[in-house]
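Q: Fold the following, please.
(one chain, ligands or ions: 1)
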Amino acid sequence: MQGSHLFGVWRVVSKNMRSLKPFIILSLLFSFIAGHAQPVSKNKVYNKTNKPAWWKEAVVYQLYPRSFKDSDGDGVGDLRGIISKLDYLKSLGIDAVWLNPIFASPNDDNGYDISDYRSIMKEFGTMQDFDELLKGLHKRNIKLVLDMVLNHSSDEHEWFKQAKSSRSNPYHNYYHWWPEEKGKPTPRYSFFDVNNDAWKYEAGTKSYYLHYFSQKQPDLNWENEKLRNEVYNMMKFWLDKGIDGLRMDAFQYVSKDTTWKKYPEGYEKNIIKYYGMGPNLHKYLKEMNSTVLSKYNIMTVAEGAGSTLADAHSLVDANRQELNMAYHFEIMDIGNDPRGYKLPDLKKAFTKWDHSFADKGWLAIFLANHDVPRMVSKYGNDSESFRTASSKLLTTLVMTMRGTSYYFNGDELGMSNIRFNNIEDYRDIATINAYKNAQAKNEDLQAFMDKQKFISRDNTRTPFQWDATLNAGFTTGIPWIKVNPNYKEVNVAAEEKNPASELSYFKKIVALRKASRVLVYGSYKVFDLENPKVYCYTRSLGKEKVLVVLNFSDKETTYLLDKSISTLSAKTLINNYSGTVGIANNKLNLKPWQAIVYKLNKA
Ligand code: NOJ
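A: So this is what the prediction gives:
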């Protein structure tokens with residue numbers, strides 16, 4: 001990796017320091033500081049601002065601990081379960097694991113409601129288990145990224161218990177309050193509240209507290225310096241253990257407009273514009289960076305990127321010294337309509353964001369996580385005929401775009417939406433409370449249930465499918481959420497044996513990405529943007545050029561490549577079908593959901 005290469009350069013420089021003439025030292029140091037393994041001026045491989053970094057080259061595997069592997073039969077995944085599967089993680093070829101929250105929590109929102117930031121959730125294990133897990137990952141050269149939930153805590157956190165005990169308690173000011181003598185609070189929208197009301201009355205202090213998420217997730221008051229320092233110390237506690245990165249949950253919301261002005265009618269439809277990027281967000285990020293982040297060689301990624309490209313840049317541009325990268329929601333939002341999406345919209349979104357970050361800043365690339373449906377059910381076709389091909393095609397897209405690849409566990413198997421018929425099967429507070437809300441408003445509950453089959457977060461949170469035994473080998477007990485019945489065919493054991501499986505393809509393409517810097521850093525050029533079926537683009541870096549052709553359709557498609565693309569002696573790097581696809585007169589015949597990556601000779 002580039003980081004270790006730079007470290008090597010530094011060692012050589014240090015060793016010869018004394019014998020070198022001062023001007024040589026200076027120029028070497030300059031080139032080191034500029035971060036150019038190959039000087040930019042000689043071959044314009046990297047642009048000035050997008051310098052190589054380990055976290056840009058990493059494939060990050062998102063692991064949902066609650067559903068990954070249960071070691072003690074209580075039906076809930078745990079750290080010892082993950083430890084028992086470390087060799088599986090290694091076999092994937094990934095560089096880093098991002099764990100969803102593992103801290104003490106009453107689990108109102110599956111760990112995103114933390115009651116003690118410095119201890120491990122009981123159901124998940126102990127601190128010793130955590131230390132062993134970290135060691136086991138590092139031994140296998142896999143880095144660990146933890147999920148920091150800093151916009152809110154649990155209402156069962158000691159801070160909140162103190163805060164609600166009296167207005168004069170020193171912790172009262174760790175949260176946002178509206179005293180009842182000021183009358184009804186200015187309306188604020190809550191994502192998970194049954195009535196979408198973000199203020200909850202607390203009789204003990206005769207005040208309302210703010211909760212953007214559930215009632216059990218009171219928002220922390222970042223205006224309070226004492227709270228901020230406590231948070232920074234807690235972050236150091238985990239970083240000093242040697243973790244390698246932080247995912248900052250909902251961080252764009254931490255700075256509130258504390259004048260509590262009234263927002264216009266319907267503001268909740270454009271919530272990020274009103275809740276995101278508050279007045280002091282950058283002040284807090286800069287403070288956090290100088291106090292904590294800058295002291296460690298870690299990666300940081302913000303969940304959310306504001307509502308404009310400029311917002312996103314303001315979070316991640318290297319010269320701002322705030323965070324490394326962010327993930328925006330535009331692509332995720334495109335697939336949110338159960339009636340489907342238009343491929344040109346997806347292409348335009350990828351293209352817009354890529355172009356905006358071509359010279360400065362860095363993005364996360366992903367098509368799924370624990371908050372959205374399964375990738376193959378949303379953007380592909382999860383019917384038996386097309387699940388394998390379309391899931392491999394989507395994997396190809398994630399692994400061939402510029403940006404750090406984030407990949408959600410189970411997608412490497414082609415896991416798909418479970419589509420529960422009964423509300424009792426759902427576990428997610430977002431779905432359950434939205435159901436109650438729809439019920440109270442006398443809305444069409446069948447329509448609601450149909451939509452959840454497509455959209456609910458629980459679709460993606462079902463147990464990981466290890467094998468064809470009871471409960472897909474996830475647990476010997478009763479799983480906390482039902483297993484997808486397709487586990488008999490879609491599982492690790494079966495797919496490890498099958499060279500044509502999604503899993504085998506995933507390993508191959510991860511290895512390809514890791515071996516080819518053009519797929520990480522190369523510039524991206526899209527062709528035929530309005531084509532409704534085929535997504536075609538090239539990636540170029542120095543003398544290297546790669547062509548990606550993706551047929552987003554259930555039909556065979558003949559595709560004519562742009563005449564500027566020279567396919568002379570093109571070599572197939574990866575293909576999600578067996579055999580080769582010849583290119584005659586720049587024409588290709590693509591099978592349904594076929595994905596091909598070619599190495600081209602750069603003209
Ligand atoms: C974003 C997380 O990804 C989601 O799962 C959670 O419910 C909210 N933030 C609140 O923490």
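Q: Report the contact partners of residue 406.
A: Residue 406 makes contact with 60, 62, 98, 327, 364, 365, 366, 369, 398, according to CB atoms under 8 Å, 6 or more residues apart in numbering. C-betas here are computed from N, CA, C, even on glycine.
Q: got the buried residues for stretch 430-444?
A: By neighbour count on 16 or more other CB atoms under 10 Å, the buried set for stretch 430-444 is 430, 431, 432, 433, 434, 435, 438.
Q: just stretch 162-176 next, same as before
A: For stretch 162-176, by 16+ other CB under 10 Å, it's 163, 164, 171, 172, 174, 175, 176.
Q: Let me see the contact set for the third one.
A: What that stands for is residue 171. The contact partners of residue 171, taken as CB under 8 Å, 6+ apart, are 159, 160, 162, 163.
Q: and residue 262, how many residues sit next to it?
A: 8 (other CB atoms under 10 Å).
Q: Any figure for the gap between it and residue 188?
A: To residue 188, residue 262 is 10 Å away according to CB to CB, to the nearest Å.
Q: got the contact list for whatever residue of the chain ends up closest to the ligand?
A: In the chain, the residue that lies nearest the ligand is residue 112 (3.4 Å; CB to the nearest ligand atom). Residues near residue 112 by CB under 8 Å, 6+ apart: 100, 101, 105, 147, 149, 213, 217, 249.
Q: repeat that with 6 Å
A: Applying CB atoms under 6 Å, 6 or more residues apart in numbering to residue 112 gives the contacts 101, 149.
Q: what's the answer for the one 10 residues further on, then?
A: Under the criterion of CB under 6 Å, 6+ apart, the contact list for residue 122 is empty.
Q: ok, back up a step: from the contacts of residue 171, which two are the most distant?
A: Farthest pair in these (CB to CB) is 160 and 162. Separation: 7.3 Å.
Q: Near the residue lying closest to residue 58 once chain neighbours are set aside, how many other residues are there?
A: Closest residue to residue 58 apart from its sequence neighbours, by CB to CB, 6 or more residues apart in numbering: residue 95 at 3.9 Å. Neighbour count for residue 95, taken as other CB under 10 Å: 21.
Q: wait, residue 125 sits on residue 79?
A: Yes: Residue 125 is within contact range of residue 79, at 3.9 Å (criterion: CB atoms under 6 Å).
Q: With neighbour numbers in mind, choose between these two.
A: Neighbour comparison, residue 125 and residue 79: the larger count goes to residue 79, with 27 against 22 (by other CB under 10 Å).
Q: What distance do you get for that one to residue 68?
A: Taken as CB to CB, the span from residue 79 to residue 68 is 10 Å.
Q: which stretches of the stretch 1-150 of the chain form helices?
A: Ranges of helices in the stretch 1-150 of the chain, per DSSP state H, counting those that start in this stretch, are 2-16, 22-33, 54-57, 79-84, 86-92, 127-139.
Q: ok, residue 196 - contacts?
A: Taking CB under 6 Å, 6+ apart as the test, what residue 196 contacts is 189, 190.
Q: swap in residue 395?
A: Residue 395 is in contact with residue 506, counting by CB under 6 Å, 6+ apart.
Q: what's the following helix or strand after the helix or strand where it lies?
A: Residue 395 belongs to helix 387-400 when assigned by DSSP states H and E. Once helix 387-400 ends, the next helix or strand along the chain (criterion: DSSP H and E) is strand 404-408.
Q: what angle separates that next one from helix 387-400?
A: Orientation check (axes from the mean of the first three to the mean of the last three CA atoms, to 10 degrees): strand 404-408 against helix 387-400 gives 150 degrees.
Q: following strand 404-408, which helix or strand comes up?
A: helix 429-440.
Q: is the ligand contacted by that next one?
A: No: legend: contact between helix 429-440 and the ligand by CB under 6 Å from any ligand atom is lacking; minimum distance shown is 6.9 Å.
Q: so for that helix, what's the average pLDDT?
A: Taken as a whole, helix 429-440 has a mean pLDDT of 97.
Q: How about stretch 236-244?
A: pLDDT averaged over stretch 236-244 gives 98.
Q: tell me, what residue is most central in this protein?
A: residue 406 (5.4 Å; CA atoms, centre = their mean).
Q: which residues does that one form a beta bridge with?
A: Here residue 406 sits in beta bridges with residue 60, going by DSSP bridges.
Q: how would you label the residue nearest to residue 287 when sequence neighbours are not counted: helix, strand or coil?
A: Setting aside the residues directly before and after it, residue 287 is nearest to residue 228 in space (CB to CB, 6+ apart), at 6.9 Å. Secondary structure for residue 228, judged by DSSP: H, G, I helix; E, B strand; the rest coil, is helix.
Q: next one: residue 490
A: At residue 490, secondary structure determined by three-state DSSP is coil.
Q: Neighbours of it, how many?
A: If you count neighbours by other CB under 10 Å, residue 490 ends up with 25.
Q: contacting residues for it?
A: The contact partners of residue 490, taken as CB under 6 Å, 6+ apart, are 413, 414, 465.
Q: what pLDDT does it get?
A: Listed pLDDT for residue 490 reads 98.
Q: My guess is residue 380 contacts residue 390. True?
A: Yes: between residue 380 and residue 390 a contact is recorded at 3.0 Å, counting by CB under 6 Å.
Q: of the two, who's got more company?
A: Neighbours were counted for residue 380 and for residue 390 using other CB under 10 Å; residue 390 has more, 30 against 25.
Q: if I pick that one, what's in contact with it?
A: Residues in contact with residue 390 (CB under 6 Å, 6+ apart) are 376, 380, 381, 593.
Q: Over to residue 292?
A: By CB under 6 Å, 6+ apart, the residues touching residue 292 are 232, 235, 236.
Q: what does this protein put close to the ligand?
A: Within the chain, the positions lying close to the ligand (CB under 6 Å from any ligand atom) are 109, 112, 149, 213, 249, 250, 303, 370, 371.
Q: got the domain boundaries for the chain?
A: Structural domains annotated on the chain: 17-151+229-416+504-509, 158-210, 523-601, as defined by automatic domain parsing.
Q: Return the closest of the buried residues of stretch 162-176 with respect to residue 515.
A: When the buried residues of stretch 162-176 are compared against residue 515 (criterion: CB to CB), the nearest one is residue 174, at 48.5 Å.
Q: Run through who's touching stretch 339-358.
A: 309, 330-331, 334-335, 363, 402, 524, 526, 529-530, 532, 535, 552.
Q: doesn't residue 410 make contact with residue 375?
A: No: with contact defined as CB under 6 Å, residue 375 does not reach residue 410; the gap is 9.4 Å.
Q: moving C-terminal of the helix or strand that contains residue 237, what's the next helix or strand?
A: Residue 237 belongs to helix 225-240 when assigned by DSSP H and E. Per DSSP H and E, the first helix or strand lying C-terminal to helix 225-240 is strand 245-249.
Q: The helix or strand that comes right after that next one: which residues count as buried?
A: Going down the chain from strand 245-249, the next helix or strand is helix 271-275, by DSSP H and E. Along helix 271-275, these residues count as buried under the neighbour rule (16+ other CB under 10 Å): 272, 274, 275.
Q: do stretch 515-522 as well
A: Neighbour counts over stretch 515-522 (16+ other CB under 10 Å) mark 516, 517, 518, 519, 520, 521, 522 as buried.
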